[in-house]
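S.K.: need a 3D model of the following:
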Amino acid sequence: MFRVVVEPDEDKWAVHCPALLKYAATSWGDTQEEALKNIQEVIQMIVQELTEDSDPIPEGPAEEVTVSTEPRVAVTI
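M.R.: Presented below is the predicted three-dimensional model:
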């Protein structure tokens, strides 16, 4: 799991993943839900490419990155 930051940006929502910013892990959406869906797809593509290239997945503070070989769902309240 990766921590993401979602912020209002005029009439849209901007979202980025601090742990993967050097890989351009940013996106946006018309709604918060769309922004989160879009950044999830970006993160999946980045992790897949890193895995295929045998590059390490960036590590960050424990609250930012959790790596699992099994599917997981995270809920933040």
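S.K.: stretch 23-38: how far from the chain's middle?
M.R.: Distance of stretch 23-38 from the chain centroid (Cα atoms, centre = their mean, to the nearest Å) equals 9 Å.
S.K.: tell me the buried residues in it?
M.R.: 23, 25-29, 35-36, 38 (16 or more other Cβ atoms under 10 Å). C-beta: built from backbone N, CA, C; applies to glycine.
S.K.: and which of those residues is nearest E59?
M.R.: Y23 (13.7 Å; Cβ to Cβ).
S.K.: these two touch, right, the closest one and Q48?
M.R.: No. With contact defined as Cβ atoms under 8 Å, Y23 does not count as touching Q48 (11.6 Å).
S.K.: got a pLDDT number for D53?
M.R.: Looking at D53, its pLDDT is 94.
S.K.: then V5?
M.R.: 86.
S.K.: what's opposite it in the beta bridge?
M.R.: Taking DSSP bridges, one obtains H16 as the residues bridged to V5.
S.K.: before we move on, what about the one 4 residues further on?
M.R.: Note on D9: beta-bridge partners K12, judged by DSSP bridges.
S.K.: burial measure for it, as a count.
M.R.: 11 (other Cβ atoms under 10 Å).
S.K.: same deal with C17?
M.R.: The burial count for C17: 24, using other Cβ under 10 Å.
S.K.: can you pull out the helices in this structure?
M.R.: Secondary structure of the chain by DSSP state H: the helices cover 32-52.
S.K.: sweet, I'm off.
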